[in-house]
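A.B. asks: when you get a sec, could you give me coordinates for this:
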Amino acid sequence: MKLVGLMRVRDEARWIERAVAAMRAVCDEVLVLDDHSRDDTPRLAAEAGAMVIPSPFPDRLDEVRDKNYLLARATERVDGETWMLMMDGDEVLVPDARATIRTTIGRRLSAVYSVRILYLWDREDQIRVDGIYGRFLRASMWLYHPADRFRSTCVGGLHCGNVPRRVNGAPPVCATALHYGYLHREDRIRKFHWYRRVDGNNRIEDGYRHMVLGDLADYPATMTTRWAGPLTLRPLECVLASCAS
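C.D. replies: Residues are numbered from 1 along each chain as shown. Below you'll find the model as predicted:
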């Protein structure tokens, strides 16, 4: 039984070493598709032990295209029963992930599993827990099948997910990861404006207001949106303990 780690990344130099190292501790090998990074992401990923694949495509947003290309390259690594685990470049699996993931796939209770994502907020020992942030699970690991393909109905292939098949309901949880991409206020504001520019008509995302509660004057921390609020933070240690219980 083989486990291949996958990442599609761009400009993740701050986090990529931690992300790849955590994946290497779990997976037999890690493939990273670099989407035209302008920083040291490719070099750092390679030094951390990943096989780095430069994007062969024009510098134009298309997550579905990129993930299908990465998956095609990963099929070259398939050896018998093979599982795929796809994470983002700003996500770091917690230290006990290897034991929980290997035990999970060994039981073969499902062909797809979720990872619980904990969003670090303002400090590396603090997690946001209000609304969707306190219960966010993302399907991320699946048993490979030759017919696998990624799909999305959003502009630029946004929100196409990390597994290539339609998932009904919530797959069982196999591990926990820390999300660093919203750690700093300036990053949250920058990403908020980027999403509003490229995907501003996405009503399901409710204008992405939940991302910046307490960061912008128009969206105070006491505000309640469709997906989150009021802003609530808890110590990382307490959240991890509740996840383990």
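
A.B. asks: what pLDDT does residue 59 get?
C.D. replies: On pLDDT, residue 59 comes in at 88.

A.B. asks: so what's it up against?
C.D. replies: By CB atoms under 8 Å, 6 or more residues apart in numbering, the residues touching residue 59 are 35-36. C-beta: built from backbone N, CA, C; applies to glycine.

A.B. asks: distance of it relative to residue 29?
C.D. replies: Between residue 59 and residue 29 the computed distance is 27 Å (CB to CB, to the nearest Å).

A.B. asks: pull the CA atoms of stretch 147-163 into PDB?
C.D. replies: What follows is stretch 147-163 as a C-alpha-only set of coordinates in PDB (Å, rounded to 0.1, in the frame of the first residue of the first chain):
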ATOM      1  CA  ALA A 147     -10.900   7.500 -14.000                       C
ATOM      2  CA  ASP A 148     -10.200  10.200 -11.400                       C
ATOM      3  CA  ARG A 149     -10.600  13.800 -12.600                       C
ATOM      4  CA  PHE A 150     -10.900  17.200 -10.800                       C
ATOM      5  CA  ARG A 151     -13.900  19.400 -11.600                       C
ATOM      6  CA  SER A 152     -15.300  22.800 -10.600                       C
ATOM      7  CA  THR A 153     -18.100  25.100 -11.600                       C
ATOM      8  CA  CYS A 154     -16.400  28.300 -10.400                       C
ATOM      9  CA  VAL A 155     -14.300  30.800 -12.300                       C
ATOM     10  CA  GLY A 156     -10.700  29.800 -12.800                       C
ATOM     11  CA  GLY A 157     -11.500  26.400 -11.300                       C
ATOM     12  CA  LEU A 158     -11.700  27.900  -7.800                       C
ATOM     13  CA  HIS A 159     -13.000  25.800  -5.000                       C
ATOM     14  CA  CYS A 160     -12.600  22.600  -7.000                       C
ATOM     15  CA  GLY A 161     -11.600  20.700  -3.900                       C
ATOM     16  CA  ASN A 162      -8.800  18.400  -3.000                       C
ATOM     17  CA  VAL A 163     -10.300  15.100  -4.200                       C
END
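
A.B. asks: mind listing what's buried along that stretch?
C.D. replies: 148, 150, 157-158, 160-163 (16 or more other CB atoms under 10 Å).

A.B. asks: so what touches that stretch?
C.D. replies: 61-68, 71, 86-88, 112, 138-142, 164-165, 167, 198-199, 202.

A.B. asks: ok, then the element right after the helix ranked longest in the chain?
C.D. replies: Determined from DSSP state H, the single longest helix within the chain is helix 185-199. Where DSSP states H and E defines the elements, the next helix or strand beyond helix 185-199 is strand 233-235.

A.B. asks: coming back round to it: and the contacts of stretch 147-163, which of them are buried?
C.D. replies: Using 16+ other CB under 10 Å as the burial test, the contacts of stretch 147-163 include 62-68, 71, 86-88, 112, 138-142, 164-165, 199, 202 as buried.

A.B. asks: what about those, which are in helices?
C.D. replies: 63-68, 71, 199.

A.B. asks: can I get those in TSV with distance to residue 244 and pLDDT?
C.D. replies: Formatted as TSV, those follow (distance: CB to CB, whole Å; pLDDT from 0 to 100):
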residue	distance to residue 244	pLDDT
63	32	92
64	35	93
65	38	94
66	34	95
67	31	96
68	35	95
71	32	96
199	35	90
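
A.B. asks: check the residues you listed and tell me the two furthest apart.
C.D. replies: 71 and 199 (23.2 Å; CB to CB).

A.B. asks: longest strand in this structure, please.
C.D. replies: Secondary structure assigned by DSSP state E gives strand 112-121 as the longest strand of the chain.

A.B. asks: so the nearest residue to residue 120 once chain neighbours are set aside, which of the three states?
C.D. replies: Sequence neighbours aside, residue 183 is the residue nearest to residue 120 in space, at 4.5 Å (criterion: CB to CB, 6 or more residues apart in numbering). For residue 183, the assignment made with DSSP: H, G, I helix; E, B strand; the rest coil gives coil.
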